[in-house]
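Peer 1: Quick one, what's the 3D model for this:
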Amino acid sequence: MKNFKAGLYISERLYKSFHPAELCRTWSIDSMDVLSLLSQADRHLGRLDMYSEHVDIDMFIQMHIAKEATQSSRIEGTQTNMEEAFFEKSDISDERKDDWEEVQNYITAMNEAVRMLYTLPFSARLIRNAHKILLQGVRGQHKQPGEFRRSQNWIGGATINDAVFVPPVHTLVADYIADIEKFANYDEYGNIPDLIKIALIHYQFETVHPFLDGNGRTGRLLITLYLVSKGILKQPILYLSDFFERNRTLYYDNLMRVRTHNDINQWLKFFLTGITETSKKGVQTLSGILQLEKSMDISISGLGKRGADARKIIDYMYKKPIVTVSEVTAIIGKSIQTAYNLITDMEKAGIIKEITGSQRNRLFLFKKYMELFG
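Peer 2: This is a model prediction of the structure:
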């Protein structure tokens, strides 16, 4: 970006807060590296969107939202794994219940926000509503969920005086969010490509840090919501938290480098690389699902008269890859003994695997399917 200035550090008595420049200004891309990565990201994202038409997309979305929720929360220190995201609350140990609740909130927030996009633009109201759901009943629930902060916050450090980064003062938050909203919805600042726009929006959101807690989770969620709102994705099928988690140090360093060195190009390159890598991985997963469906047809045919019931279980497990005996009983509408016999046959065929190691309250995993999202 030509002549890019990230903002200013302003003295606030005992500390300095960073006030980013507004997004609503004229932008010009002059880096061939950025343009080349933009072209690749556009191409691979388009391929992912096209490829998604060949599978049951609701099934794919449900699994990916669960993965996104798990990875996004993991960046914040939450320890829930993807399998546990599909457990019932009663199956989660007491020491992990809070982490599990955070993941469930993320899943709910994403689903609700996508529904809201049918009637709302990408907006402050959408952001606040998603944030309110994210913090409901979990860590941060007493820190004004759904409301922009009314006091100073900071990132890193035991106190504001030794903080790694101090966002702008709270009195400016509403103006910064209004700037983000306007920038997202109008095209009068140089016809900026949408992938560049959302890279800038994500950087700005994390820099403003408009909430007292939950900014990271909200900011990552906004990436998918923006792409859906602009019609770049027909469905919410791209999630960057896995890429950010695997490159966590680079993620934070590149965000910080914009503020300290005005190096927006490095952030854009990192972000666009994430779009490309994640899109490629999404295509691989979709291809894997198609191959798995074919192999399941072969496995089912080997179960003889139990094949029809096994098909019902597999179809169910594409959306919820962990089942109990009682669920199997309800799905096939037969006796519990018939359900046990079916489960035994499906285990022998390598379709499902028992994961608790106990004799009671056993859980069965569609392992090959879950591995596609690893």
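
Peer 1: Let me know the distance separating residue 84 from residue 235.
Peer 2: Distance, residue 84 to residue 235, by Cβ to Cβ, to the nearest Å: 25 Å. To be clear about C-beta, it is placed using only N, CA and C from the backbone, and glycine gets the same treatment.

Peer 1: cool, residue 149 as well?
Peer 2: If you measure residue 149 against residue 235 using Cβ to Cβ, the figure is 32 Å.

Peer 1: which of those two has more neighbours?
Peer 2: More crowded of residue 149 and residue 235, by other Cβ atoms under 10 Å: residue 149, with 19 against 16.

Peer 1: isn't that one right next to residue 174, touching?
Peer 2: No: applying Cβ atoms under 8 Å as the test, residue 149 and residue 174 come out as separate, 10.3 Å apart.

Peer 1: just so I have it, where are all the helices in the stretch 201-350 of the chain?
Peer 2: Ranges of helices in the stretch 201-350 of the chain, per DSSP state H, counting those that start in this stretch, are 215-229, 241-246, 248-261, 264-301, 307-317, 325-332, 336-348.

Peer 1: of all these, which lies closest to residue 67?
Peer 2: Among the helices of the stretch 201-350 of the chain, the nearest to residue 67 by Cβ to Cβ is helix 241-246 (6.7 Å).

Peer 1: so how far is the closest one from its chain's centroid?
Peer 2: Its chain's average C-alpha position is 9 Å from that of helix 241-246, according to Cα atoms, centre = their mean, to the nearest Å.

Peer 1: who touches it?
Peer 2: Contacts to helix 241-246, defined as Cβ atoms under 8 Å, 6 or more residues apart in numbering, come from residues 67, 68, 71, 72, 74, 75, 220, 251, 274, 277, 278, 281.

Peer 1: what would the residues you listed look like in a markdown table with neighbour count?
Peer 2: Listed next are the contacts of helix 241-246 as a markdown table, based on neighbours: other Cβ atoms under 10 Å:
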| residue | neighbour count |
| --- | --- |
| 67 | 19 |
| 68 | 25 |
| 71 | 22 |
| 72 | 27 |
| 74 | 21 |
| 75 | 17 |
| 220 | 25 |
| 251 | 23 |
| 274 | 23 |
| 277 | 17 |
| 278 | 22 |
| 281 | 16 |
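
Peer 1: ok, of these, which one's closest to residue 208?
Peer 2: Looking across the contacts of helix 241-246 and measuring by Cβ to Cβ, the closest to residue 208 is residue 220, at 15.0 Å.

Peer 1: Which pLDDT does the model give that closest one?
Peer 2: The model reports residue 220 with a pLDDT of 92.

Peer 1: check contacts around it.
Peer 2: Contacts of residue 220 by Cβ under 8 Å, 6+ apart are 68, 72, 75, 202, 239, 240, 241, 244.

Peer 1: So it versus residue 28, what's the distance?
Peer 2: According to Cβ to Cβ, residue 220 stands 28 Å off from residue 28.

Peer 1: again with residue 324
Peer 2: For residue 324 relative to residue 28 (Cβ to Cβ), the value is 58 Å.

Peer 1: Neighbour count for these two, which is higher?
Peer 2: Of the pair residue 324 and residue 28, residue 324 is the one with more neighbours under other Cβ under 10 Å, namely 16 against 11.

Peer 1: I'd assumed residue 365 was in contact with the more buried one.
Peer 2: No: using Cβ under 8 Å, residue 324 is not in contact with residue 365; the gap is 11.3 Å.

Peer 1: Next up, the contacts around the closest residue in space to residue 248 that isn't next to it in sequence.
Peer 2: Closest residue to residue 248 apart from its sequence neighbours, by Cβ to Cβ, 6 or more residues apart in numbering: residue 75 at 6.4 Å. Residues near residue 75 by Cβ under 8 Å, 6+ apart: 216, 220, 241, 244, 245, 248.

Peer 1: give me that answer again for 10 Å
Peer 2: Each residue near residue 75 by Cβ atoms under 10 Å, 6 or more residues apart in numbering is listed here: 216, 217, 220, 241, 242, 244, 245, 248, 251, 252.

Peer 1: Walk me through the domains of this structure.
Peer 2: Per automatic domain parsing, the domain ranges recorded for the chain read 7-22+30-284, 302-371.
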